[in-house]
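In: can't give you the sequence, but here's the structure:
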């Protein structure tokens, strides 16, 4: 939530969250946060900060501000998680979650492009093995609990509703400017935001190897079955095409009433 309480945003990992956070920061302060917005300890309210929990709770439960979130096609989101979190070297110069990648190499036979993530490897075969791991974590919580970057978006979106929140808008990463403009048009900010002038803050870019193939090449029948099994609600509620990984765009409008009814249970 912005300090001015102009807007509330429910973060969904791997869905333009760095850019949205920087837009919110800019709208209050007239400048961007210097660094990764996830590292900011002041200048905006975050649930992870103890002093922010009371104002966020009060605002959200009283629907004091316009509230929104942002979602992404499950096929491209899980693929992005693989290249960023599994193959990539993180901001701290280390592998994501320490022993996670060695565990995947050993137990699932995944390759990640060597020590620095820059060596050639069979991206398609490794990604499909990663999918098995992601499914195991989500379905059976083994060999570990699911990570926020590949757990279903519906789960992230629902906590806001279950705790008394109401969304005014859910935007799609794939048509970000249109959706974010709708949000900005609906709120008043201390500093005006011109979306065309906002850079993209893709904090994960450059962490891992470049994707060498079109999205659809990574998904055979088995992979698509696994993705459907893991993300069925995401496809249905956020209106993405479950049957065609090549189509990243949503196929119809999101029904906010349906989202609140199904995720508020």
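Out: Great, that's in hand. A quick note: this is a predicted structure, and the numbers were derived from the prediction, not measured.
In: buried residues in stretch 221-228?
Out: Buried residues in stretch 221-228, counting neighbours by 16 or more other Cβ atoms under 10 Å, are found at 223, 224, 226, 227. All C-beta spots, glycine's among them, are computed from the backbone N, C-alpha and C.
In: then stretch 83-100?
Out: Buried residues in stretch 83-100 (16+ other Cβ under 10 Å): 83, 84, 85, 86, 87, 88, 89, 95, 96, 100.
In: next, the residue lying closest to residue 228 once chain neighbours are set aside: secondary structure please.
Out: Closest residue to residue 228 apart from its sequence neighbours, by Cβ to Cβ, 6 or more residues apart in numbering: residue 242 at 5.7 Å. The three-state assignment at residue 242 reads coil, by DSSP: H, G, I helix; E, B strand; the rest coil.
In: and residue 242, what pLDDT?
Out: Note on residue 242: pLDDT of 97.
In: next, it: phi, psi?
Out: Phi and psi for residue 242, reported as degrees, to the nearest 10, are phi -70, psi -20.
In: low-confidence ranges, the protein, go.
Out: Counting by pLDDT under 70, the chain shows low-confidence ranges at 203-207.
In: tell me the strands in it, going along the chain?
Out: 7-10, 66-71, 169-172 (DSSP state E).
In: I'd like these as JSON lines, with mean neighbour count and distance to residue 115 appended.
Out: Formatted as JSON lines, those follow (neighbours: other Cβ atoms under 10 Å; distance: least, Cβ to Cβ, whole Å):
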{"stretch": "strand 7-10", "mean neighbour count": "22", "distance to residue 115": "37"}
{"stretch": "strand 66-71", "mean neighbour count": "22", "distance to residue 115": "34"}
{"stretch": "strand 169-172", "mean neighbour count": "20", "distance to residue 115": "36"}
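In: for those strands, which one sits closest to residue 154?
Out: Nearest to residue 154 among the strands of the chain is strand 66-71; the distance by Cβ to Cβ comes to 8.9 Å.
In: and that closest one, what does it pack onto?
Out: When contacts are defined as 3 or more Cβ pairs under 8 Å, 6 or more residues apart in numbering; DSSP states H and E, strand 66-71 sits against strand 7-10, helix 153-162, strand 169-172, helix 176-186.
In: who's in contact with the closest residue to residue 233 other than its chain neighbours?
Out: Spatial nearest neighbour of residue 233, chain neighbours left out: residue 154 (4.2 Å); criterion: Cβ to Cβ, 6+ apart. Contacts for residue 154 were tallied using Cβ atoms under 8 Å, 6 or more residues apart in numbering; they are 233, 234, 237, 263.
In: tell me if I'm right that the residue nearest to residue 228 and residue 235 touch.
Out: Yes. Residue 242 lies in contact with residue 235 (Cβ atoms under 8 Å); the separation is 4.3 Å.
In: between these two, which has more neighbouring residues?
Out: Using other Cβ atoms under 10 Å as the criterion, residue 242 and residue 235 rank with residue 235 on top: 21 against 17.
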